[in-house]
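*Asks:* what would the 3D arrangement of this be:
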Amino acid sequence: MPLLIAIAGVGLCGASHAQVQTCPNYSSSQTTAPISRKPGSLPDTAQLPIELQADSWDAAINGEIHFSGKVQARQGERSLSADAVSYDTTSNNIVATGTVQYEDSTLQVSGADASMDSTGGAEVARANFMLKTSAGRGTAEKIQLSPDGKVALDAVRYTTCPPNDTDWELKLSDLDINQQTRIGSGRNVRLEFQGVPIFYLPWISFPVGDQRKSGFLFPSLGGSSRGGNSLSMPWYWNIASNYDDTITPSYDTSRGFKLDNEFRYLGAASKGSLVTGYLPHDNQTQEWRGLAKLLYRHDFTEALRLNIDASEVHDTEWFEDFGATRDDNSTVYLTRELSVGTYSDNWLAILNLQDLQVIDTTIALTDRPYSRLPQAVVRGRQSLPFGVDFALDGELSYFTRGVVDRSTQQQSINGGRLSLVPELSMPLRTPGMYLTPSARWHYTQYQLQNTAAGTARSPSLSAPSYSLDSGLVFERLSGRKQQRLYTLEPRLLYTYVPYRTQSDLPLFDTGMPDFNLVQLFQTNRFIGPDRLGDTRQLSAGITTRMLDSRDGSQFLSGTIGQAYYFKTPCVTSLLQTTCSTTQGSDRSSDIIGQLSLAAYKHWTVNMGVQWRPDAGRGERGDVQLQYRPASDRTVNLGYNYDRGSVEQWVSSFAWPITRTWSGYGRVVYSRLDQKFLDHFAGLEYRSCCWNIRAVMGRAVTTRTGEYDTQYKLQLELKGLSSVGTADAFLESSIPGYSARGR
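*Replies:* Now for the predicted structure:
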């Protein structure tokens, strides 16, 4: 019958070499009673007794007791089993020989010899180990375990691959793993993939969990025809719990050495980041190049905030050469802005300084944006007695811009602008309907410089506008369980804005957006106070929806609308500021339609069209179709059309081909240019412990229409890290795809 003995730090109860006296009425529950500790702390293993269980034993004169036959030693959550165990009654140490198995809450170890002491330490020789907190496993000549969760290993081989299928492994002279911080660090590191050494590092630090720690990250690989083959080796610096920094030196075979840096900060009332890029000497341009971008926000109080968004680049081709995404390659302006704002539930006031760096030098000097130095904005809405609402949109700005004609050194028209739009409205609402009459006054006053001779230096604009907005909402439940809710929502907006000549007004920051459903129900067709679109019109639209009656999620939404003019407008564009004698006779606008279908068997459809009835043709439209049964399975097909300027087909997909292979692709074809603007293809092989992705494509990446052939390679070692940036590229290029969802 197996013998159970409890060792409580002072030896056995009356034990000697001649006999063993077991403790009277002893039970295992008495020896494993919980020890009081602070919430979230680890148990003090050294305070727990050691239990020994064996088939037989014998005692020596020197105080050692030898156990054999299914020997197991247990202390709290730690256990040690072996063919034979020797216990020293003087030091309370245990030595195990034969086939040894050690296990605790975080680790499983098997080896030839082992020892365990009452303080919580253990050592295993010629060991195989497996981490319970991750898929990590390996071998080591010696493993030392401390009671505080630290593991020290010598002559280590580490992998997350399953046994008998070691596709990759780290070979280290020694490895330290902290099971509490989930961080591993090793020396003399060599990574082998399929038996081939990939790289060597004198020291490495990697997460066993998701904790942050300073150290080298795995490199990134890539290349392009504009640049060359590139290798980046990031180093992460965990400065403090709310500060960190990532320093990334890289080498490009075509351009040379480059240093990127990203500093991040998060405080109780503030947050920010500073991103820099520095190329000491570009081998192609024969000059230094650089980038700096600062983002900062500070909340002094709940109602007072400071924002800084400032960027500066040395040259205009930086993003074309080093942009990480397609959006970076097409950067036109860089913002440099500082603002201080105060906010309440109904009002905001902002003081703003804004300047823009022009990246696209092909933009004419006369079309480049103005700087606002400064700009003060006040906006808000306040309820008044008798159900009346008062709203105000006010702005005081000074606009400045440099030379607009280099040959004559002519300066741009600069100056200040005061804009005030007070509004009174009376929202009348009942279940299923609303009616909102509104009246507002548009007042804009300028004080200009550098105006042409005979041109007013203090022009102004003053005009009223009136509107009557109304709508109905009809609802109907459907389905066996009344699970569907159908709505029908007609809307009418009458707008009257009188004509005012605006030929003497400058054009600082006002634009005319594309005609869409939002603009259909706006009272001014322009965005900005430099222009006021005269009109007397009725905008009509109708929307229908299909909703889930339980949670309100939308399955289907469709809207169609059109504006009807009682008088042909005069100011219909930014440049047409007076009534023309050859003014058109249009009595209605284009028809706007929009359809959105979501959550129907993984299908999503979004459609929009601008139809010109008198010509019987579409002026603008887009169709986006997506099938997405999972985050790593998506197919997209889109068509974008803008008469005379854009006609593009866009398709992309990410889809598993077999259990281990997946394919990726994207094509952008311009029918007007009759050529591909962007296309790439990629393959991924996925095993149980590693993935490899290769992407190669060709795209227009410059404003002059030049192509760039790029390739990206990413090797992901599961449970360790990934080498390369293909994931980020695929996620930004294929809508709906997420590598993290696999």
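
*Asks:* so which helix or strand takes in residue 712?
*Replies:* Mapping residue 712 onto the secondary structure by DSSP states H and E places it in strand 707-717.

*Asks:* partners of that strand, with directions?
*Replies:* strand 220-224 (antiparallel), strand 690-700 (antiparallel), strand 721-723 (antiparallel) (DSSP bridges).

*Asks:* quick one, what contacts residue 372?
*Replies:* For residue 372, the residues meeting the contact criterion (CB atoms under 8 Å, 6 or more residues apart in numbering) are 352-355, 397-399, 509. From N, CA and C alone the C-beta is placed, and that goes for glycine too.

*Asks:* which of the residues you listed are buried?
*Replies:* Neighbour counting with 16 or more other CB atoms under 10 Å marks 352, 354-355, 397-399, 509 as buried within those.

*Asks:* number of residues surrounding the nearest residue to residue 381 once chain neighbours are set aside?
*Replies:* Nearest-residue entry for residue 381: residue 391, 4.4 Å, with adjacent residues in sequence omitted and distances by CB to CB, 6 or more residues apart in numbering. The number of residues packed around residue 391, counting by other CB atoms under 10 Å, is 16.

*Asks:* what lines up beside the host helix or strand of residue 391 in the sheet?
*Replies:* Secondary structure from DSSP H and E places residue 391 in strand 389-400. When pairing is defined by DSSP bridges, strand 389-400 lines up against strand 371-383 (antiparallel), strand 414-425 (antiparallel).

*Asks:* show me which pair in the contacts of residue 372 is furthest apart.
*Replies:* Checking these against each other with CB to CB, the farthest-apart pair comes out as 353 and 509, at 14.7 Å.

*Asks:* residue 730: what secondary structure?
*Replies:* Here residue 730 is helix, with the state taken from DSSP: H, G, I helix; E, B strand; the rest coil.

*Asks:* correct me, but it touches residue 739?
*Replies:* Yes - shown here, residue 730 and residue 739 form a contact pair, counting by CB atoms under 8 Å, at 6.8 Å.

*Asks:* give me the more crowded residue out of these two.
*Replies:* For residue 730 and residue 739, the more surrounded residue by other CB under 10 Å is residue 730, and the numbers stand at 24 against 19.

*Asks:* follow-up on the earlier one: got a list of contacts for the strand holding residue 712?
*Replies:* Contacts to strand 707-717, defined as CB under 8 Å, 6+ apart, come from residues 160, 168, 191, 193, 221-226, 680, 689-702, 722-727, 729.

*Asks:* cool, and stretch 390-402?
*Replies:* 365, 368-384, 411-412, 414-425, 440, 508-509, 529.

*Asks:* quick one: least confident helix or strand in the protein?
*Replies:* Among the helical and strand segments of the chain, the one scoring lowest on mean pLDDT, DSSP states H and E is helix 28-31, with a mean of 29.

*Asks:* name the helix or strand for residue 52, please.
*Replies:* Here residue 52 sits within strand 50-54, counting by DSSP H and E.

*Asks:* tell me the helices and strands packed up against that strand.
*Replies:* strand 3-7, strand 64-75, strand 78-88 (3 or more CB pairs under 8 Å, 6 or more residues apart in numbering; DSSP states H and E).

*Asks:* right, and these - which one's nearest residue 266?
*Replies:* Evaluated with CB to CB, the helices and strands packed on strand 50-54 place strand 78-88 nearest to residue 266, the distance being 38.6 Å.

*Asks:* pull out the buried residues from the closest one.
*Replies:* Quick answer for strand 78-88 (16+ other CB under 10 Å): 78, 80-82, 84-88.

*Asks:* just the buried members of the contacts of stretch 390-402?
*Replies:* Neighbour counting over those (16+ other CB under 10 Å) leaves 368-372, 375, 377, 380, 412, 414-421, 423, 425, 440, 508-509, 529 as the buried ones.

*Asks:* give me the neighbour count for the nearest residue to residue 412 once chain neighbours are set aside.
*Replies:* The shortest distance from residue 412 to any residue other than its chain neighbours is 3.9 Å, reached at residue 401 (CB to CB, 6+ apart). By the other CB under 10 Å criterion, the neighbourhood of residue 401 contains 17 residues.

*Asks:* ok, now residue 359?
*Replies:* Residues lying near residue 359 (other CB under 10 Å) number 20.

*Asks:* ramachandran coordinates for it?
*Replies:* For residue 359, the backbone dihedrals (degrees, to the nearest 10) come out as phi -90, psi -40.

*Asks:* please apply the same query to residue 318.
*Replies:* Dihedral angles phi and psi of residue 318 (degrees, to the nearest 10) take the values phi -60, psi -50.

*Asks:* run a quick neighbour tally on it.
*Replies:* Taking other CB under 10 Å as the definition, residue 318 ends up with a neighbour count of 19.

*Asks:* equivalent analysis for the one 5 residues further on, please.
*Replies:* Residue neighbour count, defined by other CB under 10 Å, stands at 14 for residue 323.

*Asks:* pretty sure it contacts residue 702?
*Replies:* No - with contact defined as CB under 8 Å, residue 323 and residue 702 do not form a contacting pair (10.4 Å).

*Asks:* what are the buried residues along the longest strand along the chain?
*Replies:* Using DSSP state E to define each element, the chain has its longest strand at strand 433-449. Of the residues in strand 433-449, those buried by neighbour count under the rule 16+ other CB under 10 Å are 436, 438, 440, 442-444, 446, 448.

*Asks:* one more: stretch 88-100?
*Replies:* Of the residues in stretch 88-100, 88-89, 92-97, 100 count as buried by neighbour count, 16+ other CB under 10 Å.

*Asks:* contact partners of it?
*Replies:* Outside of stretch 88-100, the residues that reach it under the criterion CB under 8 Å, 6+ apart are 7, 9, 11-12, 15, 50, 52, 63-65, 71, 73, 80-87, 109-118, 124.

*Asks:* show the contacting residues for the residue nearest to residue 243 when sequence neighbours are not counted.
*Replies:* Closest residue to residue 243 in three dimensions, ignoring its sequence neighbours and counting by CB to CB, 6+ apart: residue 265, at 5.6 Å. With CB under 8 Å, 6+ apart as the criterion, the residues that contact residue 265 are 242-243, 271-273.

*Asks:* only the buried subset of these, as a ChimeraX command please.
*Replies:* Provided next is the ChimeraX selection string for whichever of these are buried by 16+ other CB under 10 Å:
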select :272
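
*Asks:* sort out which of the contacts of residue 265 are in strands and list them.
*Replies:* Helix and strand membership here follows DSSP E; of these, those in strands are 243, 271-273.

*Asks:* what is the nearest of the residues you listed to residue 181?
*Replies:* Lowest distance from residue 181 to the ones in strands among the contacts of residue 265 (CB to CB) belongs to residue 243, with 17.8 Å.

*Asks:* thought the closest one was touching residue 264?
*Replies:* Yes - the criterion here is CB under 8 Å, and residue 243 meets it with residue 264 at 7.2 Å.

*Asks:* pLDDT weak spots in this structure?
*Replies:* 1-47, 118, 120, 133, 206-211, 324-329, 581-585, 599, 720-726, 740-742 (pLDDT under 70).

*Asks:* show me where it has its helices.
*Replies:* Using DSSP state H, the helices found in the chain span residues 28-31, 318-322, 326-329, 517-520, 726-733.

*Asks:* buried ones in the longest one?
*Replies:* Neighbour-count burial for helix 726-733, counted by 16+ other CB under 10 Å, picks out 726-727, 729-731, 733.

*Asks:* same question for stretch 126-142.
*Replies:* Those buried within stretch 126-142 under the rule 16+ other CB under 10 Å are 126-129, 131, 134-140, 142.

*Asks:* again, but for stretch 696-704
*Replies:* With burial defined by 16+ other CB under 10 Å, the residues of stretch 696-704 counted as buried are 697-701, 703.
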